[in-house]
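K.L.:
Provided below for reference: sequence and predicted model.
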Amino acid sequence: MKSNPLQAIGHGVLALFGAIGRLSLFALEATSHCARPPFYPRLLLRQMVEIGFYSLPVVGLTGLFAGMVLALQSYTGFSRFSAESTIPTVVVLSITRELGPVLAGLMVAGRVGAAMAAEIGTMRVTEQIDALTTLSTNPHKYLIVPRLVAGFLMLPFLVIVTDIIGVGGGYLVSVFKLGFNPDAYINNTLEYLEVMDVASGVVKAAVFGYLIALMGCYHGFYSKGGAQGVGKATTNAVVTGAILVLIFNYIITEAFFAQ
């Protein structure tokens, strides 16, 4: 018998709405536990170190080379219009508003989101999560809440570091390669930088950190099928985390800077 294409479309739509509903309920339950005892400060500190400190090298390198490339590309384009003096402003605004939060979010999604999904997924398929429930320990409290809170708190810190290193990379290229005056470059950078530019990036980072941790925990928590299921959950966590970073980047930018 030939399959009905409308039936396949219907199944796909129902599966999509089912996944959205399950994710929404998971997020609501996990978030509600963030403000209710018992708390596990040691687990939270461990996740903060894992997400924040151990992500510094990759985030720092990403910000450094992003700032350096941005300065080179801006100079190549603006020199055609004799607008080289605007390069410091372009670099600092691009880094603080967009490139810093987005690049840091994508790097953390690839590193931390995958690790969370793999760790929790392994606990699921080996029935360790069921053992926690048997021992009267809420899995959301013990596993999910520390990761959500740590992601929410630490990604803004990583984005601030990315901003500083990225602007520094642009400064190095502009001064030592393109021949800019150091004092003039710094003055132009500070003159046009506003608090709202940095604040918008920090707000984006907090939202990105929550979403990345949520995707890693969600896909790991509902993984099944042994090692293959854990691998699939890890891939899905990275992909969905990166997509949500890009989607919410636009939404938050629209909220902050739309006229």
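P.N.:
Perfect, I can see it now. Numbering: from 1, shown residues only.
K.L.:
so where do the helices sit in the protein?
P.N.:
Counting by DSSP state H, the chain has these helices, from start to end: 5-32, 41-48, 56-78, 87-94, 100-108, 114-125, 128-134, 139, 145-176, 182-192, 195-221, 226-257.
K.L.:
helices or strands up against the first one?
P.N.:
In this structure, helix 5-32 packs against helix 145-176, helix 195-221, with contacts taken as 3 or more CB pairs under 8 Å, 6 or more residues apart in numbering; DSSP states H and E. Yep, even glycine has a C-beta here, placed from its N, CA and C like the rest.
K.L.:
Nearest approach to residue 39 belongs to which of those?
P.N.:
helix 145-176 (8.1 Å; CB to CB).
K.L.:
and the closest one, what other elements does it pack with?
P.N.:
Contact partners of helix 145-176 among helices and strands, from 3+ CB pairs under 8 Å, 6+ apart: helix 5-32, helix 41-48, helix 56-78, helix 87-94, helix 100-108, helix 182-192, helix 195-221.
K.L.:
now with 6 Å?
P.N.:
Applying 3 or more CB pairs under 6 Å, 6 or more residues apart in numbering; DSSP states H and E, we find helix 145-176 packed against helix 41-48, helix 56-78, helix 100-108, helix 195-221.
K.L.:
Restrict the shortest one to CA atoms and write it as PDB.
P.N.:
So that's helix 41-48. This file holds the C-alpha atoms of helix 41-48, laid out as PDB (Å, rounded to 0.1, in the frame of the first residue of the first chain):
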ATOM      1  CA  PRO A  41      26.300  24.400  46.200                       C
ATOM      2  CA  ARG A  42      29.200  22.000  45.700                       C
ATOM      3  CA  LEU A  43      27.600  20.700  42.400                       C
ATOM      4  CA  LEU A  44      26.900  24.200  41.300                       C
ATOM      5  CA  LEU A  45      30.500  25.300  41.900                       C
ATOM      6  CA  ARG A  46      31.800  22.300  40.000                       C
ATOM      7  CA  GLN A  47      29.600  23.200  37.000                       C
ATOM      8  CA  MET A  48      30.600  26.800  37.200                       C
END
